[in-house]
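[1] Show me the folded form of this:
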Amino acid sequence: MNIRLRHDAIVRSLRRNGTSTVDQLASEVGASRRTILRDISALRDEGFVIHSDVGRGGGLQLDPQSMQTTTRLSVPEVFALLISVAAMRAAGNLPFSYLADTGLAKIEKALPPDKVKDLRDFLDCLYIGQLSPLQDLSDMGKMDPDLLPVFETCFLHQLHLRFEYKDAKGHRTNRQVEPQAMLVLPPLWYLVAWDPSRGDFRHFRMDRISKPVRIEDQTFRRRHVPFENDVCPFSELSG
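    Numbers count the residues shown, from 1 in each chain. You can find the predicted model right below:
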């Protein structure tokens, strides 16, 4: 269990049980006493009020009114929220956009400076448009949610990406490409990449990208990606 999941499990356990011992929490999440004590300290730093008894067993109690006051959202999570708002705005289906913008601005403000930079660099790669009503969606599959963190690493560090791709005819090929942009035409998402083997840009539907997906230790340079006039950079839809 990673740190974030362990922290969530500890908070849930304290809310559910009222009082728990360090040993009980350690048993629940499969960690040592020392790890649990470090986790409790970290949760307090995030704003949770956790009382501890000095008696035998180290009883812990979470103040029912306390809550997390510092953000633990990752860059891909905030990116996904921003994409959702921008895509709905592009589709003309966001009647309460000012509330969404206010909330997202608060989230971004709470991010550490390094994460803000990564987020903005990531958003520079995002383009949004509208899907043609003639597009056949009968074969649309489910996109792997693990792709977004992978794309973040590739875009921010300009690293090659290798994956298996199934085209419209069902043919599967292994591709190694330079990720240059993400294009969202709701409900379809595309990875726009330079394909060195073909010497041109290619649009890969993300629901057709399958594992294994590997980040290659090979860098590339950013290229200007040509888009149609009705496709906008995220920055034009974020205001």
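[2] contacts, neighbours, all on C-alpha from now
    OK.
[3] Domain-wise, how is this structure divided?
    Residue ranges for the domains of the chain, per automatic domain parsing: 3-62, 75-236.
[4] Would you check that Arg202 makes contact with Asp195?
    Yes - Arg202 is within contact range of Asp195, at 6.5 Å (criterion: C-alpha atoms under 8 Å).
[5] Show me where the chain has its helices.
    3-17, 22-29, 33-45, 75-90, 97-110, 113-123, 147-157 (DSSP state H).
[6] C-alpha coordinates for the first one, PDB please?
    As requested, the backbone C-alpha atoms of helix 3-17 are provided in PDB (Å, rounded to 0.1, in the frame of the first residue of the first chain):
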ATOM      1  CA  ILE A   3       1.700   6.300   1.400                       C
ATOM      2  CA  ARG A   4      -1.400   8.100   0.000                       C
ATOM      3  CA  LEU A   5      -3.600   5.000   0.200                       C
ATOM      4  CA  ARG A   6      -2.300   4.300   3.700                       C
ATOM      5  CA  HIS A   7      -3.100   7.800   4.900                       C
ATOM      6  CA  ASP A   8      -6.600   7.500   3.500                       C
ATOM      7  CA  ALA A   9      -7.100   4.200   5.200                       C
ATOM      8  CA  ILE A  10      -5.900   5.600   8.600                       C
ATOM      9  CA  VAL A  11      -8.300   8.500   8.400                       C
ATOM     10  CA  ARG A  12     -11.200   6.300   7.500                       C
ATOM     11  CA  SER A  13     -10.400   3.900  10.300                       C
ATOM     12  CA  LEU A  14     -10.200   6.700  12.900                       C
ATOM     13  CA  ARG A  15     -13.400   8.200  11.700                       C
ATOM     14  CA  ARG A  16     -15.200   4.800  11.800                       C
ATOM     15  CA  ASN A  17     -13.800   3.500  15.000                       C
END
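[7] quick one: low-confidence ranges for the protein?
    54-58, 66-72, 90-94, 97, 237-239 (pLDDT under 70).
[8] what's the longest strand in it?
    For the chain, the strand with the greatest residue count under DSSP state E is strand 172-185.
[9] so how far is Arg175 from Ile3?
    Separation of Ile3 from Arg175 (C-alpha to C-alpha, to the nearest Å): 34 Å.
[10] Neighbour count: these two, which is higher?
    Arg175 (15 against 10; other C-alpha atoms under 10 Å).
[11] Mind listing the residues bridging to that one?
    Phe163 (DSSP bridges).
[12] does it really touch His160, like I thought?
    No - counting by C-alpha under 8 Å, Arg175 does not reach His160; the two are 10.1 Å apart.
[13] if we can go back for a sec, please produce JSON lines containing the helices of the chain, extended by distance to Ser132.
    Shown next, in JSON lines, are these (distance: least, C-alpha to C-alpha, whole Å):
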{"stretch": "helix 3-17", "distance to Ser132": "40"}
{"stretch": "helix 22-29", "distance to Ser132": "48"}
{"stretch": "helix 33-45", "distance to Ser132": "48"}
{"stretch": "helix 75-90", "distance to Ser132": "13"}
{"stretch": "helix 97-110", "distance to Ser132": "24"}
{"stretch": "helix 113-123", "distance to Ser132": "24"}
{"stretch": "helix 147-157", "distance to Ser132": "24"}
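[14] wait, what's in contact with the residue nearest the centre of the chain?
    With distances taken as C-alpha atoms, centre = their mean, the residue of the chain nearest its centroid is Pro76 (2.4 Å). Neighbour list for Pro76: Leu119, Leu148, Pro149, Glu152 [criterion: C-alpha atoms under 8 Å, 6 or more residues apart in numbering].
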